[in-house]
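Peer 1: Give the three-dimensional model of this entry:
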Amino acid sequence: MILNIDLHSHSRFSADGVSEPEEMIEAAKARGLHGFAITDHNTCACVDYFESKGLLRADGEPVDGFLIIPGQEITTREGHLLALGVRLPDLKGITAAEAVDLIHREGGLAIPPHPYDYFRAGIREAVLDTLPIDALEVFNAATTFRRCNRQAFEYARRRGLPMTAASDSHHCEALGVSYTTLDAPTFNVAGVLRAVTQSPVPYQRYLSPKQALRKTFNNVFRIGSRRRAKQTDAKAAPVA
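Peer 2: Presented below is the predicted three-dimensional model:
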């Protein structure tokens, strides 16, 4: 079964995401996707939300012909790591090696996103060389410089790793701009995970200037919000 799946997306449950979960499904269907992985930063809150609304099944089967894959983008000590097919707590700050091991023990896939993007926290080559990852995101529609994607492609080719593409959408208009085409044995989470490790085909298209600008705005807003939160915490802290 040929499936088009966006393997890297964010909802409002990410600090820099703005998309309502239901809007993501509408946008994905409108783009012709069969499903997407929800990979919010250091949380699976949106996974829980989708399940509570009957839009995601715990057994991994699709709902009304559409499949949502549980996941998370973990901020490891060495950079970001996608965990697909698993539901995890906030693991921010653990080592990449520990994260990969935990993902595998839970039956999921470990896929580093944007490993060569200079302005985002990708896991760099020296660490990648040491990790038993399942695939590599070789095309990220939101990457800063296109050569970063080319470098990821060359690294995956040298290691013989399966190659994926994704939108890394933080607003629903960008969802499905880029995605991965999979020849899955079954239309469910297990089938998609199996297909990712075999012969995925990256569909490569970049965000439009408008979409990229909106993502940048969201990132700036997130940084500003964190700074204000830290200032507020500092003022509220009792004097020793």
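
Peer 1: so the closest residue to H34 other than its chain neighbours bridges to which residues?
Peer 2: Excluding the flanking residues, the one nearest H34 by CB to CB, 6 or more residues apart in numbering is L3, at 4.3 Å. For the C-beta atoms, the positions are set from N, CA and C on the backbone; glycine is no exception. On the basis of DSSP bridges, L3 is bridged to L182.

Peer 1: which residues touch L3?
Peer 2: Going by CB atoms under 8 Å, 6 or more residues apart in numbering, L3 touches 34-35, 67, 181-184, 187, 192, 195.

Peer 1: nearest to D129, of the residues you listed?
Peer 2: Nearest to D129 among the contacts of L3 is A195, at 25.6 Å by CB to CB.

Peer 1: average model confidence for the host helix or strand of the closest one?
Peer 2: Assigned by DSSP states H and E, A195 belongs to helix 189-196. Throughout helix 189-196, pLDDT has a mean value of 98.

Peer 1: Next secondary structure after it?
Peer 2: Downstream of helix 189-196, the first helix or strand assigned by DSSP H and E is strand 201-203.

Peer 1: tell me the secondary structure for E26?
Peer 2: helix (DSSP: H, G, I helix; E, B strand; the rest coil).

Peer 1: distance of it from V86?
Peer 2: Separation of E26 from V86 (CB to CB, to the nearest Å): 26 Å.

Peer 1: sorry, back to before: and the contacts of the helix holding A195?
Peer 2: With CB under 8 Å, 6+ apart as the contact definition, helix 189-196 has outside contacts at 1, 3, 5, 7, 35, 60-61, 67, 69-70, 84-85, 108-109, 111, 134-135, 162, 164, 180, 182-185.

Peer 1: Now that we have those, which of them are buried?
Peer 2: Listed as buried from these are 3, 5, 7, 35, 60, 67, 69-70, 84-85, 108-109, 111, 134-135, 162, 164, 180, 182, 184; burial here means 16 or more other CB atoms under 10 Å.

Peer 1: Isn't A184 up against M1?
Peer 2: Yes - shown here, A184 and M1 form a contact pair, counting by CB atoms under 8 Å, at 5.2 Å.

Peer 1: that older thread, pick out whichever of E26 and V86 has more residues nearby.
Peer 2: A direct count of neighbours by other CB atoms under 10 Å for E26 and V86 places V86 higher, at 22 against 12.
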